[in-house]
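>>> what follows is a predicted structure for the sequence shown.
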Amino acid sequence: MNISSIEAIPLKIPFTHGGPSIAWAGRDWQFLEIVLVRVETDCGLVGWGEAFSYNCQKAVMAMIENSAPPVLVGKAVSDREQIMHELQVGMHLWGRYGISMFAISGIDIALWDLAAKAANQSLGQMLGRHKKVLPAYASLLKYRDPEVVAEQTAHAIEKGYGLIKLHEAAPEPVKAAREIAGNTVPIMLDVNCAWSISEAKQVVPQLIDCNLHWLEEPVWPPENFAALGTLRAEYGIPIAAGENMCTHWQFDSMFGGDAVDFAQPSVTKVGGITEFLKVIELCRKRKISVAPHSPYFGPGFLATAQLISAMDEDVPFERFYMTPEASLFGTAVDPVNGNLQVPDGPGLGLDPDPHVIQEYRLSN
Ligand SMILES: [Mg+2]
């Protein structure tokens, strides 16, 4: 079975999230930007991938369209390992991070989808599935206002979520969430690198009573692993990081610094399923927990679910707490009582809805 074509498809889907609009990187953020990767074979089988592309859709599209066809077209799907090696070597001069690795991730996911479809198994089954139902955590967006944070936390708990993650940088909203959640619901805090190390040392002591399950990406710059190690050692607070790291090599550098308790590979960024599996292996050797990053709704969402389904450990699934106007996979992306059912179909479990693709596709 050989690859006959590869296509990058840009989608833009509006969402709501129960709070005032969010400014991100200088833009009002109201739309999910998705780049689907569609790989077709000479026998008609189609594989789907997703490349991370929030706020960088055109760049990711260009990277896939310019770099992938000469390496992929005509090759056997079973040569995935060699194809991914060639892509990583051929594209490394544009950086083994960011846009080029987002593109590689989307392509890799599509090739694994094809491999599992060819084997007539779900990806999770192919990797040795252990679970069909995954506990999901509600990953709330950034609200800043303690009242709104408390309201959204209560809303998520009412919907059955047993774990909550906040995206805040000030202590007040975190305290408000803890107060409304009571003492038994684990709360994680994602700072998105907003603090300097001295700011972190001012705020973190104020959060000790909130009993955070983990503190995610607390300081700028993210590669200051020594600062993460200092926060861990000084305050005994579990640290999570890694959503913007690409390849297992970058995770290996972070692990060398005793910087984290939770590693957060993001399948649409890290280099796809191939690199994600290598990160899991490193985590096993180092006895570091895996907490995948998955605030997206395309094939990367399903790939993450399939990967977690094949892991022995209890690993929560990150569900961005927003409501997209349309779903590529119907209700499969909606946890029920805080639990996500892993779809059973061949490959990633489901193919994206062609009507949703048609309606939300941008002209490229
Ligand atoms: Mg994060």
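That came through fine. All of these numbers come straight from a predicted model, not from anything done at the bench. Residues are numbered from 1 along each chain as shown.

>>> and V73, how far is that from V148?
When distance is defined by Cβ to Cβ, to the nearest Å, V73 is 49 Å away from V148. Yep, even glycine has a C-beta here, placed from its N, CA and C like the rest.

>>> neighbour count winner among those two?
Between V73 and V148, counted using other Cβ atoms under 10 Å, V148 has the larger neighbour count: 17 against 14.

>>> the more buried one: which element?
Using DSSP states H and E, V148 falls within helix 146-158.

>>> how far out from the middle of the chain is that helix?
Here the centre of helix 146-158 is set off from its chain's centre by 23 Å, with Cα atoms, centre = their mean, to the nearest Å.

>>> buried residues in that helix?
By 16 or more other Cβ atoms under 10 Å, the buried positions in helix 146-158 come out as 146, 148-153, 156-157.

>>> next secondary structure element downstream of that helix?
In N-to-C order, the element after helix 146-158 by DSSP H and E is strand 164-166.

>>> for that next one, packing partners?
strand 133-139, helix 146-158, helix 171-181, strand 187-190 (3 or more Cβ pairs under 8 Å, 6 or more residues apart in numbering; DSSP states H and E).

>>> let's see 6 Å
Helices and strands touching strand 164-166, by 3 or more Cβ pairs under 6 Å, 6 or more residues apart in numbering; DSSP states H and E, are strand 133-139, strand 187-190.

>>> out of these, which is closest to A200?
Proximity to A200 (Cβ to Cβ) singles out strand 187-190 among those, at 11.5 Å.

>>> how many degrees apart are the helix or strand following that closest one and helix 171-181 in direction?
Next in sequence after strand 187-190, counting helices and strands by DSSP H and E, comes helix 197-207. Interaxial angle, helix 197-207 versus helix 171-181 (axes from the mean of the first three to the mean of the last three Cα atoms, to 10 degrees): 30 degrees.

>>> how about helix 197-207: buried residues?
Neighbour counts over helix 197-207 (16+ other Cβ under 10 Å) mark 200-201, 203-204, 207 as buried.

>>> coming back round to it: identify the residues contacting the helix holding V148?
Helix 146-158 is contacted from outside by 18-19, 138, 140, 143, 164, 172-173, 176-177, 180-181, 321, using Cβ atoms under 6 Å, 6 or more residues apart in numbering.

>>> chain center to the top helix by length along the chain, what's the gap?
Scanning the chain for the helix with the most residues, using DSSP state H, yields helix 99-118. In terms of Cα atoms, centre = their mean, the centre of helix 99-118 is found 14 Å from the chain centre.

>>> which other residues reach that helix?
Outside helix 99-118, the residues within contact range by Cβ under 6 Å, 6+ apart are 37, 39, 45, 47-52, 59-60, 63-64, 68, 77, 80, 84, 87, 91, 94, 123, 126, 246, 268-269, 271-274, 299, 303, 346-348.

>>> which of those residues fall within helices?
Taking DSSP H, the ones among these that sit in helices are 59-60, 63-64, 68, 80, 84, 87, 91, 123, 126, 272-274, 299, 303.

>>> which one of the residues you listed sits closest to V342?
L123 (9.5 Å).

>>> specify the local secondary structure of the nearest residue to the closest one once chain neighbours are set aside.
In this structure, L123 finds its nearest non-sequential neighbour in Q306, 3.9 Å apart by Cβ to Cβ, 6 or more residues apart in numbering. Of the three states, Q306 takes helix under DSSP: H, G, I helix; E, B strand; the rest coil.
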